[in-house]
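S.K.: okay, here's the prediction I keep looking at, along with the sequence it came from:
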Amino acid sequence: MEPPIPKFNLDVIHTLRELQQQHGLKSFDYQRYRQYCTRRLRRIHKTVKMFAGTQKKYKGLVIQPEDVTDTRILMILLLQAERAWAYGEQLKYDHSTTDAPRLHRHYALKMAKAVAHAQKLLQITKYVANERTITEVEAYTNEILGHFHVSKKDYSAAKDSYLKARKVYVSQQESSTPMVKAAYLQRISDLDQNMRFCNYNLGDDATAQTETLQAGGSSGVLKWRGKTISVNSEKVRLQLATAEQATSDISSQLEKEAEAITASMLNKIIDMYDKAFIAYNDAIQQVKQDIAHEKETDSATLHLLVNGLKYNLLEHTLARNKLMSRVHTARLEDSSQQKKESKRTTALDLARLHDTVTQTIEGMLAIPGVEDDDALANPLNLQLLVHQALKYFCQAETFTNMREYGHAQPLYLEAEKLISEGLIFCRTAKIDDSEVVAEGEKVRAAKCRSKAAALLSEEASVPEVAVAKTRLDKSFVEYRPCESITRIPPDYVSIPCRPVFFDLARQCIEKPSFSHRLVGTKGGAKPSIASKTTPKPTAQATAQGGDKKGWFNGWSWGKKPE
């Protein structure tokens, strides 16, 4: 009797999430992920010594249940399926940018190959793996099968495959660890987006289609100014789905921390906003690239899509800046919380935040079509007036804290002027003015406090002449006259100095002559520069050999004829 085959355990979903996040799919780089799968497969083949042939001939690698002695052999089939799927997704993106039928056929073939590898993995795991691994592989196979049906434009079969995989993921994530549960939740979110896409293309479910339209970029459309803009690029849809997920996370986080937002929680929310900003910026960049390659007749929709994406980006930026200003305002008003924090919030910090908010609103109003739309322009114009008034108010508070009341009063008056304009605008546009009234009362109260402090400081700053009640010499316990300390002016004291007559006598001293010590050198070298008045050599010295030049002067071959 043959021994039973051991049951192996392979966390398929958790393992795939880590591989995809670390090797390119975090930025939707399918080519990088496919190349990683190829390198990983080569390393595993060398480790387990299972090859598909020799260096000269390819035979093909056939894995049977009896050959599985390690989980790495199961990883071979899993990575083969992932490599084919990543290659198919890469071709799908290339097909969305360039309308080439060959790329779509190649994309469908790669998806079919991924299905074949996944089914082979499922067949082997039924013999060698435990129940949990088999369940995960079944869900993974159904998900890959759904991608294959989408490549064939069979959206009904794709939706059924996605539903089967989703049911397994939902049942498994309830009894999983937090890390594995996060992997399941990500898969469920991706499957929901794929099913909405299938419902949108089927068009037979009105409820699903309405949900798809409300989902925005994740379903292939974007709603802006009452218009539904179709998104044909797969990469843009994925970026919009990422931004939508980040927005939902922000909303859920704000609901949890509705009462008070701590510094750590604010940083976490800002990080979520940053993810949405990155997704929107990538989507805008991709649409601009599509516009550069698109025909002029089809570019009007893309330009409208760019404007809608810009508006959404600035809208999220405005929401983040307003959240920060609200949190910092609460910290500034709460003195007990200010003492606990290492870095205190000042009125000048709030002035900078309100200035950033006004710049964001001006950018939103500069988008084509926003000024003409009263539903969008009127609230933005009102917020612009309010935040400009709050900027002047915070600047005035800064001067008040510095006791520069003369500089603070004009800023308070300017803030009150803008608040009055905001109230007039609310009556004209029929907008609720409760927020404007509240801000106006705060500005007026601060102006009154600053004016009262200025009046009090003027009274306190009147110089008071201190009248001495007793004489200075009688106010000390022991009084000594000033002369006992030092004499004023002090006495003259002799100090050493260099004599002056030495400098005068130097010009009268006759310098001795050293000319008799100067003689010529051998070889015609110049004499030492001991004095500027060097005498010329005499005739006797010349006759003694002073005209010799060089070592060989005087030899038979070097002597000149006389």
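M.R.: All right, it came through fine. Numbers count the residues shown, from 1 in each chain.
S.K.: measure residue 369 to residue 383 for me?
M.R.: Distance from residue 369 to residue 383, counting by C-beta to C-beta, to the nearest Å: 18 Å. To be clear about C-beta, it is placed using only N, CA and C from the backbone, and glycine gets the same treatment.
S.K.: between those two, who's got more neighbours?
M.R.: Higher neighbour count among residue 369 and residue 383: residue 383, with 19 against 15, using other C-beta atoms under 10 Å.
S.K.: could you pull up the mean pLDDT of stretch 288-298?
M.R.: Averaging pLDDT along stretch 288-298 yields 67.
S.K.: what do you get for stretch 116-131?
M.R.: For stretch 116-131, mean pLDDT is 90.
S.K.: which residues touch that stretch?
M.R.: Contacts with stretch 116-131, where a contact means C-beta atoms under 8 Å, 6 or more residues apart in numbering, come from 5-10, 63-65, 68, 74, 77-78, 80-81, 84, 133-134, 137-138, 140-141, 144-145.
S.K.: change it to 7 Å
M.R.: With contacts defined as C-beta atoms under 7 Å, 6 or more residues apart in numbering, stretch 116-131 is touched by 5, 7-10, 63, 65, 68, 74, 77-78, 80-81, 84, 133-134, 137-138, 140-141, 144.
S.K.: same question, stretch 75-89
M.R.: By C-beta under 7 Å, 6+ apart, stretch 75-89 touches 12, 16, 30, 33-34, 37-38, 40-41, 44, 63, 107, 110-111, 113-114, 117-118, 120-121, 124, 144, 147, 151.
S.K.: now residue 432: how far from residue 415?
M.R.: From residue 432 to residue 415 the distance is 20 Å (C-beta to C-beta).
S.K.: tell me who's in contact with the residue nearest the centre of the chain.
M.R.: By C-alpha atoms, centre = their mean, the chain has its centre lying nearest to residue 274, at 7.5 Å. For residue 274, no residue meets the contact criterion (C-beta under 7 Å, 6+ apart).
S.K.: same thing with residue 47?
M.R.: Counted by C-beta under 7 Å, 6+ apart, residue 47 has contacts residue 72.
S.K.: hang on, the earlier thing: weed out the non-buried ones from the contacts of stretch 75-89.
M.R.: Taking 16 or more other C-beta atoms under 10 Å as the criterion, what is buried in these is 12, 16, 30, 33-34, 37, 40-41, 44, 63, 107, 110-111, 113-114, 117-118, 120-121, 124, 144, 147, 151.
S.K.: quick one: low-confidence ranges for the chain?
M.R.: Scanning the chain for pLDDT under 70 picks out the ranges 1-6, 53, 204-220, 257-260, 294-298, 335-343, 459-486, 498-505, 519-562.
S.K.: how far off centre is the longest helix along it?
M.R.: Using DSSP state H, we find that the single longest helix of the chain is helix 299-333. Taking C-alpha atoms, centre = their mean, to the nearest Å, one finds the center of helix 299-333 at 17 Å from the center of the full chain.
S.K.: starting at the chain centroid, how far to the host helix or strand of residue 35?
M.R.: Applying DSSP states H and E as the criterion places residue 35 in helix 30-48. Centre-to-centre, helix 30-48 and its host chain are 31 Å apart (C-alpha atoms, centre = their mean).
S.K.: in this protein, which spans are strands?
M.R.: Counting by DSSP state E, the chain has strands at residues 221-224, 227-230.
S.K.: out of these, which gets nearest to residue 346?
M.R.: strand 221-224 (38.2 Å; C-beta to C-beta).
S.K.: out of the strands of the chain, deepest packed?
M.R.: strand 221-224 (a mean of 19; mean count of other C-beta atoms under 10 Å).
S.K.: does anything pack onto it? Which helices or strands?
M.R.: strand 227-230, helix 299-333 (3 or more C-beta pairs under 7 Å, 6 or more residues apart in numbering; DSSP states H and E).
S.K.: wait, doesn't residue 283 sit right on residue 238?
M.R.: No - the criterion here is C-beta atoms under 7 Å, and residue 283 misses it with residue 238 at 8.8 Å.
S.K.: may I have the residues that are in contact with residue 308?
M.R.: So residue 308 contacts 222, 224, 229 (C-beta under 7 Å, 6+ apart).
S.K.: how about those residues in TSV, adding distance to residue 352?
M.R.: What follows is the contacts of residue 308, written out as TSV (distance: C-beta to C-beta, whole Å):
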residue	distance to residue 352
222	33
224	30
229	35
